[in-house]
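Chemist: Kindly generate the corresponding structure for this input.
(2 chains)
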Amino acid sequence: MKHHFVLRVVAKFAIPFILLYAFYVQFHGDFGPGGGFQAGVIFAAAFILYALIFGLEKARQAAPPAAVRIGIALGVLIYAGTGVAGMLLGGKFLDYSVLAHDPAHGQHLGILIVEFGVGLTVASVMISVFFAFAGRRRPEG
Amino acid sequence: MAATAIAIVRLRNLFAVVMLSGLYSLLSAAIFVILDAVDVAFTEAAVGAGITTVLFLGTLVLTDREEKERARFSPWPLVVVLITGAALVFGTLDMPGFGDPNAPANKHVAPEYLADKVRQNPSGEPVTVGIPNVVTTILASYRGYDTLGEVTVIFTAGIGVLLLLGATARHGAPAPGDTPAPHLRLGRRRKQEGNDDTPSGDTA
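Modeler: I've put the predicted structure just below:
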């Protein structure tokens, strides 16, 4: 893909907007369709597009596989940790009402954090699964 | 959609099949939009039509573009599919009508969720979450356990793919000649043995 000048220019132009849209879907999920799952996939799609156009090595520099693997676990930890935090503050597991003084605010905060955890895990899993597939060479013979 | 499905079954060119399955996902996303399930449609379009197609293409690079010619027509798969389909259709006969307000699914907890008044805190007072998108509220708050389970499933799937495809052995994409660290060698040998079966099974 190194010779496709138009593709490279258009991809460079489009990728920031894809990332921005992913963040919009992530944090606007309270008000419109969307949420962590969709945002994570869109976020990963931006990196996959980058890898398709500019090559796997450049994409690995942009998203180091070690960091992506940490992201996989961190997302689940953020989700479960929010539940544990609710327990420590006197509520039940995954009870967000105790996270802030006002129960409704606590719910908003909890949902936001939890969705972020979902998005992080989904994006990291998608990116690393793509890296794993694309990094394999065709078996000889 | 039916035409796409038949074409997927008939075609031998796997590249076309991958493209058609992406098209199939997009059509089902359109159906979800018609049914007012925008969140589901969003997911289907992003995952089914987007990422899955890319992963299938990645698999195609590793395998062949053409499906192997089948030896002869075998009736058993068709029989199994017909029996399963008949059983499923028979099961739907007992289901309540589409959009029936008295259906059990609409009677159980859905009214509480939609009214946004669910007893959550220990003192027993109903909490109004007050988020405009009720799907997000249900997913992340009322059904928080389920979503935690879903994230764990994705986490497990990701770890499984990484283990199977040996992505850990590929920090700097080592050349075929150099020797990896001893703890990585086992994974690499296993991977070479595994090359005989089709890698496409990993995407399922």
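
Chemist: if I pick the closest residue to chain B within chain A, what's in contact with it?
Modeler: Going by C-beta to the nearest C-beta, chain B is nearest to A:Val125 of chain A, at 3.4 Å. Quick note: C-beta positions are derived from backbone N, CA and C, even for glycine. For A:Val125, the contact set (C-beta atoms under 8 Å, 6 or more residues apart in numbering or on different chains) comprises A:Gly40, A:Ile72, B:Ile154, B:Phe155, B:Ala157, B:Gly158.

Chemist: again, 7 Å this time
Modeler: Counting by C-beta atoms under 7 Å, 6 or more residues apart in numbering or on different chains, A:Val125 touches A:Ile72, B:Ile154, B:Phe155, B:Ala157, B:Gly158.

Chemist: Most widely separated two among those residues?
Modeler: Using C-beta to C-beta, the pair of the contacts of A:Val125 lying farthest apart is A:Ile72 and B:Ala157, separated by 10.1 Å.

Chemist: These two: which has the busier surroundings?
Modeler: When neighbours are counted by other C-beta atoms under 10 Å in any protein chain shown, A:Ile72 and B:Ala157 differ, and A:Ile72 comes out ahead with 23 against 13.

Chemist: which element is that one on?
Modeler: Assigned by DSSP states H and E, A:Ile72 belongs to helix A:65-88.

Chemist: That helix and chain B in contact?
Modeler: Yes - using C-beta under 7 Å from any C-beta of the partner chain, helix A:65-88 reaches chain B at A:Pro65, A:Ile72, A:Gly75, A:Val76, A:Tyr79, A:Ala80.

Chemist: mind listing what's buried in that helix?
Modeler: Buried residues in helix A:65-88, counted by 16 or more other C-beta atoms under 10 Å in any protein chain shown: A:65, A:68-69, A:71-72, A:74-80, A:82-83, A:85-86.

Chemist: And those residues, which is closest to A:Ala11?
Modeler: For those, the nearest to A:Ala11 is A:Val68 (20.1 Å; C-beta to C-beta).

Chemist: Now do the strands in chain B.
Modeler: Assigned by DSSP state E, chain B shows strands spanning B:118-119, B:126-127.

Chemist: which of those strands has the lowest average pLDDT?
Modeler: When the strands of chain B are ranked by mean pLDDT, strand B:118-119 comes last with a mean of 58.

Chemist: How about the residue in chain B positioned nearest to chain A: what's its closest non-neighbour residue?
Modeler: Closest residue of chain B to chain A, C-beta to the nearest C-beta: B:Gly158 (3.4 Å). For B:Gly158, ignoring the flanking residues on the chain, the nearest one in space by C-beta to C-beta, 6 or more residues apart in numbering or on different chains is A:Val125 at 3.4 Å.

Chemist: Below-threshold pLDDT in the chain: ranges please.
Modeler: All of this refers to chain A. Scanning chain A for pLDDT under 70 picks out A:1-3, A:137-141.

Chemist: try chain B instead
Modeler: Ranges of chain B meeting pLDDT under 70: B:70-71, B:116-130, B:166-204.
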